[in-house]
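Chemist: I'll drop the sequence and a predicted model, then ask my questions.
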Amino acid sequence: MSALFPGFSRKTIRTTGARIALEHGGSGEPVLLLHGYPETHAMWHKVAPPLARDYTVVCPDLRGYGDSSKPKGLPDHSNYSKRAMAKDMVEAMAALGHESFHLVGHDRGGRVAHRLARDHGKRVKSLTVLDISPTLKMYESTTMQFAKAYYHWFFLIQEAPLPEKMLKAVGPAYIFKRLGRGKAGLKFFSKKAMAEYVRCFDPHSTCEDYRAAATIDLMHDKQDAGRKINMPLLAIWGKQGVIEALFDPIRDWREVASNVHGRHLPCGHFIPEEKPGELLAELRRFLRSAT
C-alpha cells in the first residue's frame, strides 16, 4: 500500500474484539478517516497524503474489511454493531497516542463515526459525514424509490448463507458495479485501489455489517432518541446521488446533532475518489474552524 500512501506507516493494532490494520502519517492534530462499502482504507489515497501535510492522519480498515480481522457474526450481530466497530477505532487511536481527534466517515464509515460520536463524544473534536443521512432516518423513510436505489441494504441483511453464496458467485463484478453506478462509471477509481477492494472483500463480514445496521444498530439509535450530539458536524453529499434526491441531509442531521453545517459537491456517492480536491478544501476549512 506504500504506493497509494507515500510517507505513511503500516500498523496492526489488537483491540478488545479485533485486529485493526491501518495506515498513519503526517503531523499535527489527529484526523481519523473511516471508509465505506465495498471499499477499504485505500479509498482515502487521494485525500490522506495531502491532508497529512497539516494533520496526523489515520486510515484504518474497519472490522470485517480490508486486512482487519473478519470474525464470524454472532446470532445477534453484536460483534458487527457500530458500537463494537466504534470501540475498535477508539482503542486503535488510543494505542497510537490519540485520546481525542477529528473524525471523518464515508458511507458505512460515517455510520461508525456517528456511533463513535454518540458513545465517545468527549474524544471527538469534530465529525464529518460523507453522503449519508442517519441510519434510523433512512430506514424509517424507506420508499420504493429508495429500496430500488439501495437494494443492497435489503439484500445483504437476509439470513445467511444466501447473500454470501450469491456474492461469491458474482465476485468482482458486484464490487465494480457498486463502484461504477454513477454517470462517470469507474473512471475516477485507481486500478490499484480497486484491486485492493477485490482482494479484501469478504461476503460474510460485510453482510454482518448490514445485518447489524438493520437490527442492533437501530435499537441503539432508538435508545438515543432526543439526545443530540454537540460537536461541530459537517455533512457533505454528492449532488448526483441518492442522498440529494431522496433526503435532506442538513435537516436530517439537525434532528440528531446541535451544530450542523454542510453542502453538496458536484459528484456522486464516492466523494473522496470523485472530488478529492473539493473535499480537501471543505475539510481544511471545517477542521480549522473546529480546532
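Modeler: Received it, and whenever you're ready, just let me know what you need.
Chemist: When you work out contacts or count neighbours from here on, use the C-alpha atoms and nothing else.
Modeler: OK.
Chemist: low-confidence ranges in this structure?
Modeler: Scanning the chain for pLDDT under 70 picks out the ranges 1-2.
Chemist: Can you tell me how far the residue most central in space within the chain is from Leu74?
Modeler: Nearest to the geometric centre of the chain sits Gly109, at 1.5 Å (CA atoms, centre = their mean). Per CA to CA, to the nearest Å, Gly109 is found 21 Å from Leu74.
Chemist: Asp217 too?
Modeler: 14 Å.
Chemist: more crowded one of the two?
Modeler: Asp217 (25 against 11; other CA atoms under 10 Å).
Chemist: Might one say that the more buried one is in contact with Ser81?
Modeler: Yes - the pair formed by Asp217 and Ser81 meets the contact definition of CA atoms under 8 Å, at 5.9 Å.
Chemist: As a check, name the ranges of all strands in this protein.
Modeler: For the chain, strands defined by DSSP state E occupy the ranges 9-14, 19-26, 30-34, 56-60, 101-106, 124-130, 233-238, 260-265.
Chemist: Contact partners for Met138?
Modeler: If you count contacts by CA atoms under 8 Å, 6 or more residues apart in numbering, Met138 has none.
Chemist: What separation is there between it and Phe146?
Modeler: Met138 is 9 Å from Phe146, by CA to CA.
Chemist: Skipping adjacent residues, who's closest to Ala117 in space?
Modeler: Among residues not flanking Ala117 along the chain, Val124 sits closest, at 6.2 Å (CA to CA, 6 or more residues apart in numbering).
Chemist: From Leu233, how far off is that neighbour?
Modeler: Separation of Val124 from Leu233 (CA to CA) stands at 10 Å.
Chemist: The two - which one has more neighbours?
Modeler: Ranked by neighbour count (other CA under 10 Å), Val124 and Leu233 place Leu233 first, with 26 against 22.
Chemist: so how many other residues sit close to the nearest residue to Gln158 once chain neighbours are set aside?
Modeler: By the measure of CA to CA, 6+ apart, the closest residue to Gln158 outside its immediate chain neighbours is Arg211, 7.6 Å from it. Residues within reach of Arg211, counting by other CA under 10 Å, total 26.
Chemist: Name the residues of stretch 156-176 that come out as buried.
Modeler: 156-157, 163-164, 167, 172, 174-176 (16 or more other CA atoms under 10 Å).
Chemist: right, I mislabeled it, should have said stretch 179-189
Modeler: 179-180, 186, 189.
Chemist: now do stretch 62-78
Modeler: In stretch 62-78, the ones that count as buried by 16+ other CA under 10 Å are 62-71, 73, 77-78.
Chemist: okay, how far is it across it, tip to tip?
Modeler: Note: stretch 62-78 ends 15 Å apart using CA to CA.
Chemist: go on, stretch 186-197?
Modeler: For stretch 186-197, by CA to CA, the gap between its terminal residues amounts to 13 Å.
Chemist: do stretch 101-115 as well
Modeler: Using CA to CA, the two ends of stretch 101-115 sit 15 Å apart.
Chemist: what's the answer for stretch 150-163, then?
Modeler: End-to-end distance for stretch 150-163, by CA to CA: 15 Å.
Chemist: And for that stretch, what's in contact with it?
Modeler: 147, 203, 206-208, 210-211, 214.
Chemist: Widest-spaced pair of those?
Modeler: Ala147 and Pro203 (20.7 Å; CA to CA).
Chemist: More neighbours: which of those two?
Modeler: Between Ala147 and Pro203, Pro203 has the larger neighbour count (other CA under 10 Å), namely 20 against 13.
Chemist: Next one: the more buried one from Tyr210, what distance?
Modeler: Applying CA to CA to Pro203 and Tyr210 gives a distance of 11 Å.
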